[in-house]
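In: The following comprises the amino acid sequence and a computationally predicted model.
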Amino acid sequence: MSIEYNLDHRGCARIRLNREQVHNALNDQVIADLITLIERARQEKAKAIVLSSRGKHFSAGADLAWMKSMAGNSREENLADSAQLAALMSELNCAPMPVITLVQGAAYGGALGLIACSDIVIATTNAAFCLSEVKLGLIPAVISPYVIRAMGESQARRYFLTAEVFHAEDALRLGLIHQISDDPELVAEQLLDQILKNSPQALIAAKQLIADVSGRSIDAELIADTAQRIADIRVSEEGQEGLAAFFDKRPPSWVS
């Protein structure tokens with residue numbers, strides 16, 4: 001299997017790339033399978049997604065054999081391939097549940113899109129990142145909205161143009177990752193312990209809030225919108241339960 005999937009005992013979806021022989025490179029089948037598995041996690045109402053990979057490297061980016069096979073494709077065929085990658089990025093970015101991604105070794109090209117579409121990213125000290133597309137006469141077009149949002153325009157101007165390799169400390173400074181650890185799996189479990197204490201519906205609403213508020217001007221419309229959101233969630237079933245549990249000094253119903 002090129003990708004492993006399971007819903008664990010806590011209701012968290014584990015998606016693991018398993019193409020160690022090609023450094024977990026992405027091709028059309030892997031992209032399609034990732035879309036399917038993210039949608040499966042959504043349908044199974046997974047409480048979180050943990051995205052990782054086997055072997056020394058998170059992902060070397062696009063599979064070389066796949067790239068070679070596409071070299072003679074028409075513009076229309078290339079557009080279809082690009083649209084599929086865009087669909088993957090959108091699917092991961094818009095996943096309603098928290099997405100935690102664990103990175104080790106190389107994370108090149110399209111792999112940075114997966115990272116930038118995640119909510120929390122933990123990387124090992126040996127992680128190395130590269131937006132390598134211009135070396136090949138290409139551009140990181142499909143992943144650019146997410147990567148630029150994560151690292152900012154000023155830093156994108158450097159790393160999109162130099163295609164230089166940068167390391168975990170730089171990625172942390174740039175905002176691409178959130179933490180460096182020699183044991184990302186352990187950190188992920190600790191984060192899941194925190195996340196699973198929280199209201200499932202509030203987590204979904206919080207993710208949507210970030211997506212809707214980010215980049216907007218603080219005007220009367222936004223102020224009214226955010227006031228409406230807090231009012232709605234206060235009177236929701238989980239909002240009422242959470243407040244009642246707090247005042248009763250007991251765990252809320254969603255904490256097992």
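Out: Thanks, I have the structure now.

In: Now stretch 72-82: buried residues?
Out: Applying a neighbour-count criterion of 16 or more other C-beta atoms under 10 Å, one finds D81 buried in stretch 72-82. Every C-beta, even on glycine, is put in place using the N, C-alpha and C of the backbone.

In: meant to ask about stretch 241-252, not that
Out: Residues 242, 245, 252 are the ones in stretch 241-252 that count as buried (16+ other C-beta under 10 Å).

In: Just the CA atoms of the lowest-mean-pLDDT helix or strand in the chain, as PDB, please.
Out: Lowest on mean pLDDT, DSSP states H and E among the helices and strands of the chain sits helix 64-70, with a mean of 76. The C-alpha coordinates for helix 64-70 follow below in PDB (Å, rounded to 0.1, in the frame of the first residue of the first chain):
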ATOM      1  CA  LEU A  64      10.500  11.800 -11.000                       C
ATOM      2  CA  ALA A  65       8.900   9.000 -13.100                       C
ATOM      3  CA  TRP A  66       5.600  10.800 -13.000                       C
ATOM      4  CA  MET A  67       7.200  14.000 -14.000                       C
ATOM      5  CA  LYS A  68       8.900  12.300 -16.900                       C
ATOM      6  CA  SER A  69       5.700  10.700 -18.100                       C
ATOM      7  CA  MET A  70       4.000  14.200 -18.100                       C
END
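
In: So what touches that helix?
Out: Under the criterion C-beta atoms under 8 Å, 6 or more residues apart in numbering, residues 22, 25-28, 77-78, 81, 136 lie in contact with helix 64-70.

In: For the stretch 51-200 of the chain, just list every one of the strands.
Out: 99-103, 106-108, 120-123, 128-130, 166-167, 179-180 (DSSP state E, counting those that start in this stretch).

In: Run through the neighbouring helices and strands of the second one.
Out: Yep, that's strand 106-108 we're talking about. Helices and strands touching strand 106-108, by 3 or more C-beta pairs under 8 Å, 6 or more residues apart in numbering; DSSP states H and E, are strand 128-130.

In: related to what we said a few turns ago, from the contacts of helix 64-70, which single one is nearest G110?
Out: L26 (5.2 Å; C-beta to C-beta).
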